[in-house]
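Visitor: give me coordinates for this.
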Amino acid sequence: MNQAALGTELRAAGGVQPSGLRAATTFDSLRSTRTVRASSERNFGTLNAGSSRSAAGNVGKKSPDFFKFKITRQRTVSLNVTIQELISRRYIRGAILDNKKRALKVSDTLRAPLESDRFSIKLKAGTYYTKIVTDGNRINYSFRLQVR
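Guide: Below is the predicted model of the structure:
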């Protein structure tokens, strides 16, 4: 199976595996942008120790949101994703991807109402992406990316 298809396997630092059937379904949509049309790709630029960036948006099944960033030294990067919905049966996931948009680390599945998840990963110098995705109807989210 293609490692970029997160539904079954991660090529991850730390060997993190998605949990549950719902997570596998959600992350089948975290494939390369060649198979999924991106609704947004925003460039956060170069981030140094102590930097953070925040964003909010509305993401749908066929239009994940991407946020590009670069680090010039090995750093620990944290991602805190929050679902901004009060309606039940909606969910999202966030991930940090390498420069080829392959998942390195993935959040837990977040379900409405107002659930959040935070994870950290140590990254070498390079270009990376944050990706927010759902496999359901459009949903509002926010996240914060921090570099230490």
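Visitor: which of the residues in the host helix or strand of residue 66 are buried?
Guide: Using DSSP states H and E, residue 66 falls within strand 65-71. The neighbour-count check on strand 65-71 (16 or more other CB atoms under 10 Å) flags 65-69, 71 as buried. (Each C-beta comes from the backbone N, C-alpha and C, glycine too.)
Visitor: go through these and name the one nearest residue 91.
Guide: The closest of the buried residues of strand 65-71 to residue 91 turns out to be residue 65 (CB to CB; 15.1 Å).
Visitor: wait, that closest one sits on residue 59?
Guide: Yes. Counting by CB atoms under 8 Å, residue 65 sits close enough to residue 59 to count as a contact (5.1 Å).
Visitor: about what we covered before: which helix or strand lies directly C-terminal to the strand holding residue 66?
Guide: strand 75-83.
Visitor: list the buried ones in that next one?
Guide: Result for strand 75-83 [16+ other CB under 10 Å]: buried residues 75, 77, 79-83.
Visitor: need these in JSON lines (columns: pLDDT and distance to residue 142).
Guide: As requested, the buried residues of strand 75-83 are exported to JSON lines (pLDDT from 0 to 100; distance: CB to CB, whole Å):
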{"residue": "75", "pLDDT": "96", "distance to residue 142": "22"}
{"residue": "77", "pLDDT": "96", "distance to residue 142": "17"}
{"residue": "79", "pLDDT": "93", "distance to residue 142": "12"}
{"residue": "80", "pLDDT": "92", "distance to residue 142": "9"}
{"residue": "81", "pLDDT": "90", "distance to residue 142": "8"}
{"residue": "82", "pLDDT": "87", "distance to residue 142": "5"}
{"residue": "83", "pLDDT": "84", "distance to residue 142": "9"}
